[in-house]
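**Student:** With the sequence up front, the predicted model follows.
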Amino acid sequence: MSSKSVSATAGSRQSSASSTGSIDPFSVAQVYYGPETDFTTHRIGNLIRTRTLSTVQTRSSTNTPDFMKSVPRRRASQDAQSLTPRKFLVDVNSTLQTLLESEDTDGNMQITIEDLGPKVLQLGTANSNGFNKFDIRGTYMLSNLLQELTLAKEYGRKSIILDEQRLSENPVSRLSRLIRTQFWDSLTRRIDASLLEIIAVDPKNRSKDQSPRIYVPPSQKEQYEYYVQEAAKRPHLNLQVEYLPESITAEFVKSLNNKPGLLALAMDHVVDEFTGQPTLRGKPFVVPGGRFNELYGWDSYMIALGLMVDGRIDLAKGILENFIFEVKHYGKILNANRSYYLCRSQPPFLTDLALKVYEKTIYDPGALELLKESFKAAIMEYKQVWMSAPRLDQESGLSCYHPDGIGIPPETEASHFVHLLMPFAEKHELPIEEFQKQYNDGIVKEPALDGYFVHDRAVRESGHDTTYRLEKRCANLATIDLNSLLYKYEVDIAHTIRTMFGDKLVLDDGSVETSAAWDRRARRRRNLIDQYLWDEEKGMYFDYDIVQKKKSNYESATTFWAMWAGCASPKQAARLVSDALPKFEEFGGLCSGTEKSRGPIGLDRPNRQWDYPYGWAPQQILAWVGLIRYGYEEDAERLVYRWLYMITKAFVDYNGIVVEKYDVTRPVDPHRVDAEYGNQGSDFKGVAKEGFGWVNASYTFGLTLITSHARRALGACTPPGLFYASQSTYV
Ligand SMILES: OC[C@H]1O[C@H](O[C@H]2O[C@H](CO)[C@@H](O)[C@H](O)[C@H]2O)[C@H](O)[C@@H](O)[C@@H]1O
Ligand SMILES: [Ca+2]
């Protein structure tokens, strides 16, 4: 742990007020609507006098705000021809009210293409003291106005000078700016005094005990004492701090279902800048958003890709360090750091993350040491989690998702298992809640349900919760996803030991790892993947059922993970592009699976969120990278364009929305997903402030993969069909 002094909060580094006193029209909200721009407060010496808008309307040169002094004063009539970007003088509350009354006709506090208002509202220009009016037209500008006014109000502003540029900003620039300057900060957490109130919140906690709770590994005495002290300083929080036992069993994890809590993560020793005393500070990480307010496994890898594009290496590094802590203290990279996830992991990406963070921090002190720690953790994880019982299938040599656990996963939505459990509750003549309790406590035995939940937990470990691909069989499937990722671990570990550590990596128990053994493991797995998972006739990979001893026939977009990991031959890659890709390519990018594989949907067989017609950011990202790796740049760019177009269009037409997943077959309202727990990120009033972690990342990362021409077309919301038709005329 390093010793640093506590620095300012992440958000405060983003000031955009220039030295000339003018304000950048694209500053972050806290600056744009902060005290510096508040022309209703007039500073005389150390005194601040508050002014009302009516005073400002008859402004004299002495009360002109600094940033307005740079705008030449004109006669009112000159507003119309002015080349200077227009600014509006806006009374926040009354404009907000008028805007919502006339434009939010369905009353959901968002202005979208579904609202039936006049789609025009007049604002007075600042140059004319509000006398000259200009029309703000169309859903996009009006919804941007709603977003800006909502923010201004939250920052306590009664009146503002608003740049027209902020309302008409190119949507690609606006969304990527918001992700870079606002969404990442809104999603950043650390488990320490600075954010206890926020990180302790768990919308998934359905137990009676709603007290926030932190569980600390038994070796982390300093952390335990730190949290106890911080809890004492905040009695209103009623924060409970508890040690975990040395050995974590499925029984123990189940026993925490009635008192769920956060699992402690990595901390630094720092000096408190106010008291000068040594203290602890949580290493930062980024949460997915919505109901997912904790550090996730594979979400974090995807998020880190976006963070690195946006220059937030500190956060990507924090994620990596927290992963290492999890492997050391919880034995695995957790599904997420809440008590009910203690037995469960998620798709593994540690080696790739470590290499990417190393590339970005190569000249930093400690970078090589962090790389070494990461690879030691990856080796431990590989052996203890993925290549041990019950996840390793000894017979095939392949691995499956197969976590331990007892009973019904408590973090799911209340209604999630009702359909499944009702017949059992009726059979035992128990109300459903009582049946669940008795089943979890082992009072009522139902072996059929035990089997169901083995697979259900495995589905959740796979990250693909839920899909008909994996239901009732996941723990029996050696998936192409997991085995591709493990192949990547083997290749990365071999290469890194050879090139970075002189072909000798000494682990904490004194054993020595060399590249040759890892090269052999990689070669072996590639052969096994070819033998068990590759289907030569269909030209794609399928999961292998280790019990039925045959391939599954469900067509899944995870087939492209083999390209991401590099375990497909050039010939196999060509088949994947020619034979598989057309099955998954939809209007908005890659679909998780094919419609044929999903099968018919109805009241008794509801939609699953990881099936057709839904598309997810990680599926897109891995396929893009895989295609590029094998030289299929054009296909990759087309898929990127489709995905980014869909996100941009929903952002423009639906009040700045960015959600967890999309229906890639719906050109108009792809954010509308009516499966399982709905769509995280859609439930906001006025303004969306965090987007959704891996979608934010896919946007930022995707933009690095397309040409500037494509980016311009995207900014103009040119549909993929039109864009590629226009391109082909030049070929
Ligand atoms: O609460 C239900 C399930 O929620 C998580 O799964 C979904 O969200 C995760 C966070 O964005 C994501 O990693 C996963 O792929 C999604 O399906 C959680 O991971 C599950 O364990 C949980 O049961
Ligand atoms: Ca509306």
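**Tutor:** Structure's in. What do you need? Ligands and ions are numbered 1, 2, ... in the order given.
**Student:** Do a quick rundown of the strands in the stretch 101-250 of the chain.
**Tutor:** Remark: strands assigned in the stretch 101-250 of the chain by DSSP state E, counting those that start in this stretch are 120-125, 133-137, 159-163, 188-189, 213-216, 240-243.
**Student:** Using TSV, lay out those together with mean pLDDT and mean neighbour count.
**Tutor:** Backbone N, C-alpha and C define where each C-beta goes, glycine included. TSV is the format used below for these (pLDDT from 0 to 100; neighbours: other CB atoms under 10 Å):
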stretch	mean pLDDT	mean neighbour count
strand 120-125	98	19
strand 133-137	97	15
strand 159-163	96	24
strand 188-189	98	21
strand 213-216	97	24
strand 240-243	97	17
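**Student:** Ligand 1 contacts on the stretch 301-450 of the chain?
**Tutor:** By the rule CB under 6 Å from any ligand atom, the part of the stretch 301-450 of the chain lying against ligand 1 is 335, 409, 411-412.
**Student:** Show the pLDDT at Gln14.
**Tutor:** Looking at Gln14, its pLDDT reads 43.
**Student:** let me fix that: His419
**Tutor:** His419 carries a pLDDT value of 89.
**Student:** tell me which element it is part of?
**Tutor:** Per DSSP states H and E, His419 falls inside helix 418-427.
**Student:** and after that helix, which helix or strand comes next?
**Tutor:** Next helix or strand after helix 418-427 toward the C-terminus (DSSP H and E): helix 432-440.
**Student:** The helix or strand following that following helix packs against which elements?
**Tutor:** As assigned by DSSP H and E, the chain's next helix or strand after helix 432-440 is helix 447-461. Here helix 447-461 touches helix 418-427, going by 3 or more CB pairs under 8 Å, 6 or more residues apart in numbering; DSSP states H and E.
**Student:** Contact residues of the protein facing ligand 1?
**Tutor:** Within the chain, the positions near ligand 1 by CB under 6 Å from any ligand atom are 204, 288, 292, 296, 298-299, 335, 409, 411-412, 460, 463, 465.
**Student:** Could you report the separation of the residue lying closest to Asn238 once chain neighbours are set aside from Arg469?
**Tutor:** Sequence neighbours aside, Ser211 is the residue nearest to Asn238 in space, at 4.7 Å (criterion: CB to CB, 6 or more residues apart in numbering). Separation of Ser211 from Arg469 (CB to CB, to the nearest Å) stands at 38 Å.
**Student:** if we can go back for a sec, out of the residues of the stretch 301-450 of the chain next to ligand 1, which one sits closest to Arg281?
**Tutor:** Asn335 (25.2 Å; CB to CB).
**Student:** give me every residue that touches that closest one.
**Tutor:** If you count contacts by CB atoms under 8 Å, 6 or more residues apart in numbering, Asn335 has them with 296-297, 341, 344-346, 460-461.
**Student:** Kindly report the same for Gly282.
**Tutor:** Counting by CB under 8 Å, 6+ apart, Gly282 touches 189-192, 194-195, 265-267.
**Student:** hmm, 7 Å instead?
**Tutor:** 190-192, 265, 267 (CB atoms under 7 Å, 6 or more residues apart in numbering).
**Student:** can the strands of the stretch 101-250 of the chain go into TSV with extra columns for distance to ligand 2?
**Tutor:** What follows is these, written out as TSV (distance: least, CB to the ion, whole Å):
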stretch	distance to ligand 2
strand 120-125	14
strand 133-137	16
strand 159-163	21
strand 188-189	30
strand 213-216	38
strand 240-243	41
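**Student:** Distance to Lys551 for the ones you listed - can I get that in TSV?
**Tutor:** Compiled in TSV, these are given as follows (distance: least, CB to CB, whole Å):
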stretch	distance to Lys551
strand 120-125	58
strand 133-137	56
strand 159-163	58
strand 188-189	41
strand 213-216	41
strand 240-243	46
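**Student:** Thr110 contacts Asn655, correct?
**Tutor:** Thr isn't right for residue 110; it's Gln. Yes: shown here, Gln110 and Asn655 form a contact pair, counting by CB atoms under 7 Å, at 3.8 Å.
**Student:** Show me which of these two is the more surrounded one.
**Tutor:** A direct count of neighbours by other CB atoms under 10 Å for Gln110 and Asn655 places Asn655 higher, at 28 against 24.
**Student:** Isn't that one up against Asn144?
**Tutor:** No: Asn655 is not in contact with Asn144 according to CB under 7 Å; the separation is 8.8 Å.
**Student:** shaky segments in the stretch 501-650 of the chain?
**Tutor:** For the stretch 501-650 of the chain, no stretch is flagged by pLDDT under 70.
**Student:** Give me the helices and strands touching the helix or strand harbouring Ala304, please.
**Tutor:** Under the criterion of DSSP H and E, Ala304 resides in helix 298-309. Counting contacts by 3 or more CB pairs under 7 Å, 6 or more residues apart in numbering; DSSP states H and E, helix 298-309 packs against strand 285-286, helix 313-330, helix 350-361, helix 617-629, helix 693-703.
**Student:** possible to save the ones you listed as CSV with distance to Ala675?
**Tutor:** Output for these, formatted as CSV (distance: least, CB to CB, whole Å):
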stretch, distance to Ala675
strand 285-286, 25
helix 313-330, 28
helix 350-361, 29
helix 617-629, 16
helix 693-703, 16
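**Student:** can I get these in TSV with distance to Glu246 and mean neighbour count?
**Tutor:** Listed next are the helices and strands packed on helix 298-309 as TSV, based on distance: least, CB to CB, whole Å; neighbours: other CB atoms under 10 Å:
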stretch	distance to Glu246	mean neighbour count
strand 285-286	25	28
helix 313-330	11	23
helix 350-361	24	20
helix 617-629	34	24
helix 693-703	33	27
